[in-house]
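Chemist: Fold the following for me, if possible:
(4 chains)
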Protein chains: 2
Amino acid sequence: MEAIIDTTLEGAALEAWRSYLQSHASIVRVLDAELVAEHGLTTRDYEVLLYLSQAEGGHLPMSALAERTMLTRSGITRLVDGLVGSGLIQRVACPNDARVSYAQLTDLGYEKLRRAGCSHVASIRRLFLEHFSPAEIEQLAALLSRLPGAQPGRPCTLQDPPVVD
Amino acid sequence: MEAIIDTTLEGAALEAWRSYLQSHASIVRVLDAELVAEHGLTTRDYEVLLYLSQAEGGHLPMSALAERTMLTRSGITRLVDGLVGSGLIQRVACPNDARVSYAQLTDLGYEKLRRAGCSHVASIRRLFLEHFSPAEIEQLAALLSRLPGAQPGRPCTLQDPPVVD
DNA sequence: TCCGTTCCGTTGACCGGTCAACTAGAATCG
DNA sequence: CGATTCTAGTTGACCGGTCAACGGAACGGA
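Modeler: So this is what the prediction gives:
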């Protein structure tokens, strides 16, 4: 009845994996709490506003948002509902394709994002970046970028990819 | 209307943070899907079984589980409800203190954990560890262990701690 | 042209978790 | 001892998300 993981994952590997998991949980929890407390936004909200701000013209189709946030289309519908409700974005019909509706950042939304962004980035520095030297940051970036899902394009295979050709 | 993060987080730092977030999301998602598909367990379920297996006598009070899993006591109640329902653990009254009830791993639960553990650890290797050399694993462990929450004891402060004395 | 298929977004039902209120048992202190 | 306070666990109401089903619009052959 001994620990399963200890018998199968040796020292440093266990330590790396454990730290990866636990630090993420803790950091994300704090970031979210701060964002909610100071700006009334969840991390999801913030993420959506950020993606919109980076998009051409400040708008993006719902499914593009779903893809970027790794949420379901229905999830995005509901999330956007909330942001529309608080006036940070609005829905705009697409002139070329009546099926798609854009989520469009409003002035209020952009302003909100600007304010929230300052404290949020500061928190990221405090909770993540400040624990490393610039050289270590580079190491870390190099290492972590090899992991599945880290590269924007390569999505992260579930099991072995069903390569059929 | 430019990207907020790009103007405030310079190259490598942005890259490190982005990879950290996205890789975690992707990896955890896959791990969970595999665990559910192959063993009918969520990651939470697995975590609870693992903690119980590591505990003296295979049992732990509910609140100890809540603490370790970073869930609420009510959350643990419901999670344990499910595991009791599928016969993997059982509730056992504490003889010394009638308030506490232990969650106790059953034989079935232990067997389940053993099986699930094999494939789960294999997945962790495939999705995380195998992307690095042993030396890099050590680097990674050393770096990540500095992050808030990575050390078991030190919990991760929310904002500046409200020191009142 | 018209019908089948595919794609986009929304909706209803549900699930896993939180928060707040509660109950029961223990601990403390007069 | 009894009153108060604290602690462990459960419960009800809610929230944020998924999944499955759907409706309307676009596309692609016959």
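
Chemist: going forward, measure contacts and count neighbours with C-alpha atoms only.
Modeler: Fine.

Chemist: Test for you: state the pLDDT assigned to A:Ala150.
Modeler: A:Ala150 carries a pLDDT value of 86.

Chemist: Spit out the contact partners of it.
Modeler: The contact partners of A:Ala150, taken as C-alpha atoms under 8 Å, 6 or more residues apart in numbering or on different chains, are A:Leu144, B:Arg18, B:Ser19, B:Tyr20, B:Leu21, B:Gln22, B:Ser23.

Chemist: just checking, A:His131 touches B:Ala142?
Modeler: No. Assessed by C-alpha atoms under 8 Å, A:His131 is found out of contact with B:Ala142, at 11.4 Å.

Chemist: Is stretch A:30-45 positioned near DNA strand C?
Modeler: No. Applying C-alpha under 7 Å from any atom of the strand, one finds stretch A:30-45 separated from DNA strand C by no less than 8.9 Å.

Chemist: Kindly report the residues of chain A close to DNA strand C.
Modeler: Counting by C-alpha under 7 Å from any atom of the strand, chain A sits next to DNA strand C at A:61-64, A:73-78, A:99-102.

Chemist: Out of these, which end up buried?
Modeler: A:Pro61, A:Met62, A:Ser63, A:Ala64, A:Ile76, A:Thr77, A:Ser101, A:Tyr102 (16 or more other C-alpha atoms under 10 Å in any protein chain shown).

Chemist: Lowest mean pLDDT among the helices and strands of chain A, which one is it?
Modeler: Taking mean pLDDT, DSSP states H and E as the measure, chain A has helix A:4-8 as its least confident helix or strand, at a mean of 51.

Chemist: picking that back up, now the contacts of A:Ala150 as JSON lines including pLDDT?
Modeler: Below are these laid out as JSON lines (pLDDT from 0 to 100):
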{"residue": "A:Leu144", "pLDDT": "97"}
{"residue": "B:Arg18", "pLDDT": "93"}
{"residue": "B:Ser19", "pLDDT": "94"}
{"residue": "B:Tyr20", "pLDDT": "95"}
{"residue": "B:Leu21", "pLDDT": "94"}
{"residue": "B:Gln22", "pLDDT": "92"}
{"residue": "B:Ser23", "pLDDT": "94"}
